[in-house]
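Model the following, please.
(2 chains)
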Amino acid sequence: MMKEFNVIGKKLAAVGGQDVVTGKAKYSPDLELPKMLVGKLLYSPHACARIIELDVSKARELDGVAAVLTAEDIPGENSYLYWYPDQPLLVSDQIRYNGDAVAIVAAENEEIATAALDAIRVVYEPLEGVFDPEQALNQGTRRVWDEKENLHSHYISEWGDVELGFAQADVIIENTYSTHYQEHAMLETESAVAYIDHDGTIVVYASTQAPHRDQIQIARALNIPEVMVREITPRIGGAFGAKDEANVQIHAALLTYATQRPVKIIRSREESIRTHVKRHPAKIKYRTGATIEGKLTAVHMVAYGDTGPYVNAGEEVMMTMSAYGAGPYYVPHARSEAYTVLTNNPICGAFRGFGVPQVTFAFERQMDELANRLRMDPLDIRLLNCIKTGQQFQPKAVVRMGDGLRACLEKASQLSGWKERIKISREPEPNLKRGWGVATSFHKVGFDKNVSDHSSAAVNMAQDGSVVVRTGASDMGQGAHTVFAQIVAEHLGLKPEHVKVIRPDTTMAGDAGASVASRVTVFSGNALIKAAETIRQTLLDIVVEETGADPELIILRNGYAYIEGEQINLRIADLAAKAYERNLPMQASGFYSMDFPEAEMPDGSSGYQHIVCYGAHVAQVLVDIETGQVTVEKIIAVHDVGQVINPKGLRGQIEGGVSMGLGYALMEELHVDQGIIQNTSLESYLIPTALDIPQIIVDVVELPEDETPYGAKSVGEPPTNITPSAIANAVADAIGKPINYLPISPESVLVAIKAASE
Amino acid sequence: MEEIRVNFIVNGKSINLSADPTRTLLSVLRDELELKGAKEACGQGDCGACVVVMNDKAVNSCLVLVGQIDGAEIITVEGLAKQGSFHKLQDHFIEKWAFQCGYCTPGMLMSAYALLLNNPNPTEEEIRASIAGNLCRCTGYNMIVEAIEAFANETAQN
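Below you'll find the model as predicted:
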């Protein structure tokens, strides 16, 4: 029976919503400070080149130019990135991708800043770049970095004995899949405003998913203590992974430090597309073995990811691909390998899904091919192989709960009318073919065991019982702050309008960890519950003192104390006032890191349980076999979320994730030629518009997980992981031929159809 | 380039200023008039984040030049609440969760406003077509369409 909550699971307007609809919401490009300068970066026109000469003297002499900085002007370390700091802030020797910056300027206005960039003299010697990730691994190919090979890492995730597993298989399917770059295209490009506070603190307002990570890197670049850097996130106009790693905030800090004046840097759309990270393109070889009944016996996956010249999140993304390689299925023998390859192509990093959309495409196409070969229904074969509670999905990990996948598949089947689809016309017109595709995937909550992954949060209650939530967790539009307000309001029995969430601020709040990996609700939510619980106990103690009631019978709700279900004449405001009178602390902090309960692995070794969430999508498409055009008619998206906290916010995240997946599958394509992106505008990189999105039917499965806030898991990434595969399977079903690479452009559909008839 | 003097009305207020005729309306709104609602998200008319309503039509303000605004009547998101019952459109956006990061929202609201001024009872297709030039990366649009529909229905009933 679902527990009845007061605020959790209820509709609640988004925090800050009134400001958004009236145009008052402030994003970093909207911030104005007296004597603020405009900052700009000078980017290399080449993807791979040596810098022969760099002369900024003319630029420095221009009227209205306050500073021009190059690598030698950086007080501290000339490197950034959190995971693997190998990217120079400013390059002085070798350009390794088309987005490398060689200088930064600060000037009185945009015009003068642009003139300053033009006045910088750089002489480049173009070098032969490495642009083919497969060739990159060959012996004779030039090295992206002299001191190391182009193969950055090779991860293997395995259990059982794949040779044995394949020997046991009645049927073996082997295919090679490939997926492409994706551009985040968040509406607000990368931006930052930096200034120096009265006490010398460098303050940076940045559009970021990770204020504390940025703080560390700014301090390192300026060679000052971390506490002398303060990063604050104003409202953020979307991120999806693009703002996980630092982009312009350290440069803005460098310029403010050099000029002693506020500096604002905003990347133009062209600069943004050109320079910020992309989703890793991948080539995935996948071998699946199964019995004649359709039970998986073995899988062997080998994935190659082109990460560009700087590792960025590349190693983590490829590790993730190998960690998810076997899919959300029971696979007794598995080997998933992932190679991270360095090239001079655009750098790749975090993007909603973080490697899972790519690997899902491979294993979900494989499941459909298997179903095809065995003449089984694609949904039935997935139900047959669904992973269950306690089963292995990584060398040392089992899923803590597994029932969610079956439940999602069954609900998706029901909502989509899957079993009745044969009654619907497959050929509504002579040139139109209709098809249906199902796909599933899964996503861990949190990174992993033995990895730094934790969240701090604090709650202050004022004398009138209203509360401030001090969090370092970035809300980039996904609704995290609204979730926090609901969690704290629920726990303390307050009305949500009496809970205020601050803008994340490294001085005001502890490190919540980055807003990535679908971790924020669980990690920050749990930290907040701990903080709120301390205060709740104090308030309960006062009720006991005042009334003599049994503490087990007291609850706080709707701004009042209740004993045995009856509201008593003690408001939370009264309790707070008494706490202050009685010298009881009304500030509390909470810290959370994940507990991974032990588990025994099939081979007898010791492992752990990991919380996972599941999802299942069904896509219905129409393919025009004359033009190759694919129209998605309907998408059913069912997600295993544990407990819904905010139903509208949840629906928004799922529909947004589905749309991003649809764009990735069908229309988004970056054209990269010799390491240079050819389509750096939203006119030529097409993301879905209101005319491209079909009816999306959203539903959830609520099987609460232990150790999560009110049983809630996550939903940020799962939808984007699954939609592309559901669409690909639907197209393959419509035309009766495999779809083995993304994007599914009209040309690729026609090629596939032509191959079918030959 | 030599500046020109232009007179125009923004949100009911008369503005008289002197500016380079090749400057964009967007930059004048944001930098001269401190109206930060309209956003620059592409600078070349591809995304709709800068949409305002000029002489009852939705325009990408990043493509409108100062030389074109003399005598114009402009409504921005900051002035929407005062236009008849359109504050309820804003309420519906909140109620229906028609935004997440909110960056596209001012432009989205103004495109909807322009549609509803001329067509108070639009079909779903017409709503989608009216916001087809407003890119949103967060919502997937369906909840935005529902918010506009809800407002249109509520207004039609009154």
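
and the closest residue to B:Ala58 other than its chain neighbours, what element?
Nearest non-adjacent residue to B:Ala58, counting by Cβ to Cβ, 6 or more residues apart in numbering or on different chains: B:Ala114, 3.7 Å away. For every residue, glycine as well, the C-beta is placed using N, CA and C. Element membership of B:Ala114, judged by DSSP states H and E, is helix B:105-118.

Now do the buried residues in that helix.
Under the neighbour-count criterion of 16 or more other Cβ atoms under 10 Å in any protein chain shown, helix B:105-118 has B:105-117 buried.

on contacts alone, who are the packing partners of that helix?
On a contact count with 3 or more Cβ pairs under 8 Å, 6 or more residues apart in numbering or on different chains; DSSP states H and E, helix B:105-118 meets helix A:17-22, strand B:51-54, strand B:57-60, helix B:87-95, helix B:124-130, helix B:142-157.

what's around A:Ser745, how many residues?
Neighbourhood size, A:Ser745 [other Cβ atoms under 10 Å in any protein chain shown]: 17.

Give me the angle between the helix holding B:Ala114 and helix B:87-95.
130 degrees (axes from the mean of the first three to the mean of the last three Cα atoms, to 10 degrees).

Residue 139: how many residues sit nearby?
All of this is about chain A. The number of residues packed near A:Gln139 is 5, by other Cβ under 10 Å.

Sorry, I should have been clearer: chain B.
When neighbours are counted by other Cβ under 10 Å, B:Thr139 registers 27.

Pop out the phi and psi values for whichever residue of the stretch 501-650 of chain A sits closest to chain B.
Nearest to chain B, among the residues of the stretch 501-650 of chain A, is A:Lys648, at 3.7 Å (Cβ to the nearest Cβ). The phi/psi pair for A:Lys648 (degrees, to the nearest 10) reads phi -70, psi -40.

Can you give me the separation between it and A:Val21?
In this view, A:Lys648 and A:Val21 are 15 Å apart by Cβ to Cβ, to the nearest Å.

What ranges in chain A fall below the confidence cut-off?
For chain A, the stretches flagged by pLDDT under 70 are A:1-3, A:756-758.

Tell me the secondary structure of A:Ile224, please.
Secondary structure assignment for A:Ile224 (DSSP: H, G, I helix; E, B strand; the rest coil): coil.

I'd say it and A:Gln215 touch.
No - taking contacts as Cβ atoms under 8 Å, A:Ile224 lies outside contact range of A:Gln215: 10.8 Å.

who's in contact with the spatially most central residue of chain A?
Note on chain A: the residue nearest the mean C-alpha position is A:Arg352, at 3.4 Å, using Cα atoms, centre = their mean. Taking Cβ atoms under 8 Å, 6 or more residues apart in numbering or on different chains, we find A:Arg352 in contact with A:240-241, A:657, A:660, A:716-717, A:720.

List just the nearest of the residues you listed to A:Asp541.
A:Asp541 has its nearest neighbour among those in A:Gly716, at 37.7 Å by Cβ to Cβ.

Please convert the contacts of A:Arg352 to JSON lines, extending it with secondary structure.
Formatted as JSON lines, these follow (three-state DSSP):
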{"residue": "A:Phe240", "secondary structure": "coil"}
{"residue": "A:Gly241", "secondary structure": "coil"}
{"residue": "A:Gly657", "secondary structure": "helix"}
{"residue": "A:Met660", "secondary structure": "helix"}
{"residue": "A:Gly716", "secondary structure": "coil"}
{"residue": "A:Glu717", "secondary structure": "coil"}
{"residue": "A:Thr720", "secondary structure": "helix"}
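
Now the two most distant members of those residues.
Among those, A:Gly241 and A:Gly657 lie farthest apart (Cβ to Cβ), at 12.4 Å.

secondary structure class for B:Ala98?
Secondary structure state of B:Ala98, per three-state DSSP, is coil.

Excluding chain neighbours, what is closest to it?
Nearest to B:Ala98 is B:Ala147, by Cβ to Cβ, 6+ apart, at 3.8 Å.

The one you found: neighbouring residues, count only.
Using other Cβ under 10 Å, B:Ala147 is surrounded by 27 other residues.

now do the one 3 residues further on
A count of neighbours around B:Ala150, defined by other Cβ under 10 Å, yields 18.

Could I get the pLDDT score of it?
Residue-level confidence at B:Ala150 comes out at 98, pLDDT.

residue contacts, it?
Counting by Cβ under 8 Å, 6+ apart, B:Ala150 makes contact with B:92, B:95-96.

which of those lies closest to A:Pro738?
B:Lys96 (40.2 Å).

got the contact list for the closest one?
B:Lys96 neighbours (Cβ under 8 Å, 6+ apart): A:648, B:143-144, B:146-147, B:150.

quick one: which of those residues is nearest A:Thr471?
Nearest to A:Thr471 among the contacts of B:Lys96, with distances taken as Cβ to Cβ, is A:Lys648, at 21.2 Å.

Distance check, that closest one against B:Lys96.
Taken as Cβ to Cβ, the span from A:Lys648 to B:Lys96 is 7 Å.

cool, A:Ala527 as well?
Separation of A:Ala527 from B:Lys96 (Cβ to Cβ): 31 Å.

next one: phi and psi at A:Met476?
With angles defined as degrees, to the nearest 10, A:Met476 sits at phi -100, psi 20.

give me the number of residues near it?
29.

was I right about it contacting B:Tyr103?
No - using Cβ under 8 Å, A:Met476 is not in contact with B:Tyr103; the gap is 10.4 Å.

Quick check: next helix or strand after the helix ranked longest in chain A?
Identified as the longest helix of chain A according to DSSP state H is helix A:520-547. Using DSSP H and E, the next helix or strand after helix A:520-547 towards the C-terminus is strand A:554-557.

other SSEs contacting that following strand?
helix A:520-547, strand A:560-563.

Tell me which of these is the most buried.
With neighbours taken as mean count of other Cβ atoms under 10 Å in any protein chain shown, the helices and strands packed on strand A:554-557 reach their highest mean count in helix A:520-547, at a mean of 22.
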